[in-house]
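# Return a 3D structure for these sequence lines:
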Amino acid sequence: MRKEEWNMKNKHKVSSAVNFGGWGWFLVLICIVYQMMYSAFAVDGINGYGASLAAYLSQVSGTEITSDMLTAMLTPIGIICCLLGLLFTTLVLKKGTKLVAVVSCFGMAIAVFCFGRITNFTNYTIGLFFVQIFGTCLAFAVHHGFVGSWFPTLKGVVMGWTTMGLPLTSMILVPFVTWCFAGSWGWTGFCNALAVVLLVLGFVTLIFMTNTPEEKGCYPDNIRPENRAHQDTREDLTRYFKTKYSIVDLLKNKSVWMIVIGFGIPWATTAGVMSQIIVRMMSTGYFADPFGPVAILSGCTLVGLIGSFCWGWLDTNIGTKRAGVLYNLAYVVFLIGMMFLHQMPVIMCTVLTACLCFTAGGIPNLMPSMVISKFGRYEFMSANRVCTPLATIIQSCGFAILVLGKSLGGGNNWFAGYGVFVVVLCLFDFRYLPCCCGYNPYAFIAHTVQQRVKLPPPGGFLRIAVREEKLIYRNMIPGYKVIEYL
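Below you'll find the predicted structure:
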């Protein structure tokens, strides 16, 4: 490849973080709403409704129900939903992302409508189960499927935008559910409103969304053929692609487990901490009611929006592996601060909440980005059907880990609850995360190509044959094997 062709290709690969095209931006906005619908009944949403819903269910059922009980149920339900998520990701691979998205939107709308009419803890558990099945599908299988097909090389920046749905939940839906409980709408009104949103979302997906950009007459990454190093057409090559990985092959793949463990543990930490951040602020004694912590969390989500974009930017510019290690280091520092929050000035509630919100959008961005980096655009959906469910199983354990950790010291031991996460991150995850790409010559060459750094050949020269849709990297250096990124 000529030097000018190489430079031209790289110039457009790192083009503006907002140059996604009209339909590309439409997809980003829809994926943001997918994330919000999932998070409304999971990590961020339970911050707003946990204590109020527990009090409501205790009153109508006549039995004592606590917010810890509601939070803890997210772990077993999350694990089951993740196992079922294997079915959804397989359907995305076999039937296309759009069909799965439409079914999930309508299915979740029905589940949320019924969830608004629960009267006891058993109803809550069953309702949450069905809501989480479809919500998990939208947030992971559908979201990752669309982004992987439309933005194969800009996935880091794009997911920096789409994962803004998580902090937006805290900004919009947490205050909304708090307002619903304080007024006449209540839990039923909140669920009815979201059911309507999901119905509209389902029809919008059905009418306007497509599985690939080629179906809209667009190009992957919104890069036209004349701006590529090699000319190409709008032909949708995904229909010719056949994955070389079976589920068994993926389960035997070392890279899969490195990604799952390396990103699953910090994801569990994020889920556990963010699910009870309002409860933690209330435990300091600085606030008489939840409106103060809710206001702090809602205000800090502005920082979270910036954080989602920043993690996407870091992913693209310093690499997913380095960004993941930086994420863990930051979280260890923030968790130590949360341990001693009750001994700090009240302003630290705002400071630490802002820091946690800034990092919250990191892992949902970084993990699928690593899968795409490792397996490529077309193998991404095949690999993701295993990586995401397994990582989400680990993520789901974060809720129970925090609750169990708190119980070690009498039911409200935040030092022990956060301490478990700190120990795991320091002693375990820092070992696995740097190995996600592996320290081997093949990954080194791939990383060198991606980072646009000239590789000094040990006895030959690096020759790269690039067809953007297939993205095949072949090195001709003696002593190295052929690398293929499909």
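# And this structure, what are its domain boundaries?
Per automatic domain parsing, the structural domains of the chain span 3-438, 440-486.
# and those as a markdown table, adding mean neighbour count and mean pLDDT?
C-beta coordinates here come from the backbone N, C-alpha and C atoms, glycine included. Formatted as a markdown table, the domains of the chain follow (neighbours: other Cβ atoms under 10 Å; pLDDT from 0 to 100):
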| stretch | mean neighbour count | mean pLDDT |
| --- | --- | --- |
| domain 3-438 | 20 | 81 |
| domain 440-486 | 14 | 36 |
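# quick one: contacts for G160?
For G160, the residues meeting the contact criterion (Cβ atoms under 8 Å, 6 or more residues apart in numbering) are A17, S308, F309, C310, W311, G312, W313, D315, G361, N365.
# wait, the fifth one sits on N365?
Yes: when contacts are counted by Cβ atoms under 8 Å, W311 is listed as touching N365 (5.1 Å).
# which residues do these two both contact?
Between them, W311 and N365 have G160, T163 as joint contacts when contacts are counted by Cβ under 8 Å, 6+ apart.
# The spatially most central residue of the chain: what secondary structure?
Most central residue of the chain, judged by C-alpha distance to the mean C-alpha position with Cα atoms, centre = their mean, is P364 at 2.1 Å. The assignment at P364 comes out as helix when based on DSSP: H, G, I helix; E, B strand; the rest coil.
# got a list of what it touches?
When contacts are counted by Cβ under 8 Å, 6+ apart, P364 is found next to Q35, A139, M159, T163, L166, W267.
# Show me the strands in the stretch 301-450 of the chain, by range?
Under the criterion DSSP state E, counting those that start in this stretch, the stretch 301-450 of the chain carries no strands.
# which residue ranges form the helices in it?
Listed in chain order, the helices of the stretch 301-450 of the chain (DSSP state H, counting those that start in this stretch) span 320-339, 347-360, 363-407, 414-424, 430-432, 441-451.
# Just tell me which of those helices ends up closest to I247.
For I247, the closest of the helices of the stretch 301-450 of the chain is helix 363-407, at 6.2 Å, according to Cβ to Cβ.
# Could you tell me the angle between the closest one and helix 414-424?
An angle of 130 degrees separates the directions of helix 363-407 and helix 414-424 when computed by axes from the mean of the first three to the mean of the last three Cα atoms, to 10 degrees.
# roughly how far apart are S170 and C310?
17 Å (Cβ to Cβ, to the nearest Å).
# Which residue, other than its chain neighbours, is closest to C105?
Taking Cβ to Cβ, 6 or more residues apart in numbering as the measure, C105 lies nearest to G202, with 3.3 Å between them; neighbours along the chain are not counted.
# Can you classify that neighbour as helix, strand or coil?
Strictly by three-state DSSP, G202 counts as helix.
# and it, what does it touch?
For G202, the contacting residues are V102, C105, F106, A109, taking Cβ under 8 Å, 6+ apart as the criterion.
# Any idea which of the helices of the stretch 301-450 of the chain gets closest to N211?
Between N211 and the helices of the stretch 301-450 of the chain, the shortest separation by Cβ to Cβ is 10.1 Å, and it involves helix 363-407.
# Which pair in the contacts of G160 has the greatest spatial separation?
Spatial extent of those (Cβ to Cβ) is set by the pair A17 and G361 at 14.7 Å.
# quick revisit: just send the helices of the stretch 301-450 of the chain back as a markdown table, with distance to G148 too.
Written out in a markdown table, the entries for the helices of the stretch 301-450 of the chain read as follows (distance: least, Cβ to Cβ, whole Å):
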| stretch | distance to G148 |
| --- | --- |
| helix 320-339 | 14 |
| helix 347-360 | 22 |
| helix 363-407 | 4 |
| helix 414-424 | 29 |
| helix 430-432 | 23 |
| helix 441-451 | 16 |
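# Of those, which is nearest G299?
Taking Cβ to Cβ as the criterion, G299 comes closest to helix 347-360 out of the helices of the stretch 301-450 of the chain, the separation being 7.7 Å.
# Output that closest one in PDB with nothing but the alpha carbons.
Extracted C-alpha coordinates of helix 347-360, given in PDB (Å, rounded to 0.1, in the frame of the first residue of the first chain):
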ATOM      1  CA  ILE A 347     -19.800  18.400  49.700                       C
ATOM      2  CA  MET A 348     -18.000  15.100  49.100                       C
ATOM      3  CA  CYS A 349     -21.300  13.400  48.400                       C
ATOM      4  CA  THR A 350     -21.500  15.500  45.300                       C
ATOM      5  CA  VAL A 351     -17.900  15.100  44.400                       C
ATOM      6  CA  LEU A 352     -17.800  11.300  44.600                       C
ATOM      7  CA  THR A 353     -21.200  10.900  43.000                       C
ATOM      8  CA  ALA A 354     -19.900  13.000  40.100                       C
ATOM      9  CA  CYS A 355     -16.800  10.800  39.800                       C
ATOM     10  CA  LEU A 356     -18.800   7.600  39.900                       C
ATOM     11  CA  CYS A 357     -21.200   9.000  37.200                       C
ATOM     12  CA  PHE A 358     -18.200   9.900  35.100                       C
ATOM     13  CA  THR A 359     -17.000   6.300  35.100                       C
ATOM     14  CA  ALA A 360     -20.400   4.600  34.900                       C
END
